[in-house]
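In: Compute the structure for the input listed below.
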Amino acid sequence: MANITAKDVAALRAQTGLGMMDCKKALVEADGDVEKAVKILREKGLATAEKKAGRIAAEGRVDVLTKNGYTAMVEVNSETDFAAKSDAFKEFVTGVLETIIANKPATVEELLALNYCDTAETVQKTLIEKIAMIKENLSIRRFVLVEGITSSYIHGFGSTGVIVKFCTDVADKDGFAEYAKNIALQIAAGNPPQYVNIEDVPAEAVAEEKAVLIAQMKNDPKNANKPDAILEKIVSGRLGKFYERVCLVEQGYVKEDSMTVGAYTKATAKELGGDIKICSFVLYEKGEGIEKKEDNFAEEIAKLTGKA
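Out: Here you go, the predicted model:
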């Protein structure tokens, strides 16, 4: 049996990023062969990933990278915020972004099958290794890749991310970058829009809003005797508030609420001597739609005290 020293264990830990006990056990199992120990740890990483796969990962981070005319945004989830702030997690997310821009996959499944950055390992295998290292369930939930003139914004430690695409002939002018960043900030603010322009709002969404407004008016005794045609006209006039809420260019500009985003865009375009159009945007909010586990502290205490 090989003599496994603390120095051997520390070296393997530095190479793999895994815990001291895991490294020691792997070295013992491999009879001191470092390469074999690394293989054992990777194989065990798969088992670890399978065990953790059912655990809810609703934390993590949203991050963005712009390179070679493309901007990528990805959401990678973890079980805890603590894990998402680790260097290993952040480096993995950056590597995923690099892989997306270099290969331009269409789906998460395609992304997982690609080689991670410049390595011989796939993204899937690298993800499994990170699960073993960080000791939490991790998942690449979604990503988007946008080509062209963009601006992006990440709020906090990756809780919210935004990419905005512009069609413009003044992207190289002084002042455009600040304007574009302000638009990205606008989208990430407290009342995020759903569409860019009024024309982008689906007819079904407008019809649904009208139905809600008409129902509200009919429930008001003052409108009880008004015919539907009159109510329809009144409601049509009130749709402005709806558009202000859901359309980016109709919203009040966050840094100067006396003007709309549309007015701010026109003023900037005039100042820079060209045209600016907000073409599209993508907004990711970390953990959006993921059902988080609610801890029952009374039950936990009961278990600890033997009263459960």
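In: Just confirm residue 174 is within a strand.
Out: No - read with DSSP: H, G, I helix; E, B strand; the rest coil, residue 174 is coil and lies in no strand.
In: List the residues that contact residue 273.
Out: By Cβ atoms under 8 Å, 6 or more residues apart in numbering, the residues touching residue 273 are 170, 173. For the C-beta atoms, the positions are set from N, CA and C on the backbone; glycine is no exception.
In: do the same with residue 98
Out: Residue 98 is in contact with 65, 67, 117, counting by Cβ under 8 Å, 6+ apart.
In: Report the buried members of those.
Out: 65, 117 (16 or more other Cβ atoms under 10 Å).
In: In the stretch 151-300 of the chain, where is pLDDT below threshold?
Out: 190, 224, 291-300 (pLDDT under 70).
In: what ranges do the helices span in it?
Out: 176-188, 203-218, 228-246, 261-272, 297-304 (DSSP state H, counting those that start in this stretch).
In: Relative to its centre, which residue of the chain is most distant?
Out: residue 225 (49.6 Å; Cα atoms, centre = their mean).
In: so where do the strands sit in this protein?
Out: Assigned by DSSP state E, the chain shows strands spanning 61-67, 70-77, 139-147, 149-155, 160-168, 252-253, 256-260, 276-285.
In: how about the helices of the stretch 151-300 of the chain in TSV, adding mean neighbour count and distance to residue 107?
Out: Compiled in TSV, those are given as follows (neighbours: other Cβ atoms under 10 Å; distance: least, Cβ to Cβ, whole Å):
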stretch	mean neighbour count	distance to residue 107
helix 176-188	19	25
helix 203-218	13	27
helix 228-246	14	28
helix 261-272	17	32
helix 297-304	10	39
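In: Can you lay out the ones you listed as TSV showing distance to residue 7?
Out: Conversion of the helices of the stretch 151-300 of the chain to TSV gives the following (distance: least, Cβ to Cβ, whole Å):
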stretch	distance to residue 7
helix 176-188	49
helix 203-218	65
helix 228-246	62
helix 261-272	61
helix 297-304	40
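In: Among these, which comes closest to residue 282?
Out: helix 176-188 (9.1 Å; Cβ to Cβ).
In: And residue 80, its phi and psi?
Out: With angles defined as degrees, to the nearest 10, residue 80 sits at phi -130, psi 150.
In: Excluding chain neighbours, what is closest to it?
Out: residue 59 (5.5 Å; Cβ to Cβ, 6 or more residues apart in numbering).
In: still on that earlier bit, gap between the residue farthest from the centre of the chain and residue 234?
Out: 14 Å (Cβ to Cβ, to the nearest Å).
In: Pull stretch 87-101 out as CSV, backbone CA atoms only.
Out: Extracted C-alpha coordinates of stretch 87-101, given in CSV (Å, rounded to 0.1, in the frame of the first residue of the first chain):
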residue,chain,number,x,y,z
ASP,A,87,-14.9,31.8,-7.4
ALA,A,88,-15.3,28.3,-8.8
PHE,A,89,-19.0,29.0,-9.6
LYS,A,90,-18.3,32.4,-11.2
GLU,A,91,-15.4,31.0,-13.3
PHE,A,92,-17.7,28.2,-14.5
VAL,A,93,-20.4,30.7,-15.6
THR,A,94,-17.8,32.8,-17.5
GLY,A,95,-16.6,29.6,-19.2
VAL,A,96,-20.1,28.8,-20.2
LEU,A,97,-20.6,32.3,-21.7
GLU,A,98,-17.3,31.9,-23.7
THR,A,99,-18.5,28.5,-25.0
ILE,A,100,-21.8,30.0,-26.1
ILE,A,101,-20.2,32.8,-28.1
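In: as a whole number, average confidence for it?
Out: The pLDDT scores in stretch 87-101 average 97.
In: Show me what counts as buried in that stretch.
Out: 89, 90, 92, 93, 95, 96, 97, 98, 99, 100, 101.
In: Next up, the contacts around the second one.
Out: So the one you mean is residue 90. By Cβ under 8 Å, 6+ apart, the contact list for residue 90 reads 61, 63, 84.
In: Give me the neighbour count for the closest residue to residue 182 other than its chain neighbours.
Out: Spatial nearest neighbour of residue 182, excluding adjacent residues (Cβ to Cβ, 6+ apart): residue 255 at 6.3 Å. Other residues within reach of residue 255, judged by other Cβ atoms under 10 Å, total 11.
In: Any chance of the backbone angles for residue 255?
Out: According to degrees, to the nearest 10, residue 255 has phi -90, psi -10.
In: ok, it touching residue 181?
Out: No - the pair residue 255 / residue 181 is not scored as a contact, 11.0 Å apart, by Cβ atoms under 8 Å.
In: what domains does the record give for this structure?
Out: 6-46, 56-147 (automatic domain parsing).
In: Could you report the separation of residue 269 from residue 131?
Out: Separation of residue 269 from residue 131 (Cβ to Cβ) stands at 48 Å.
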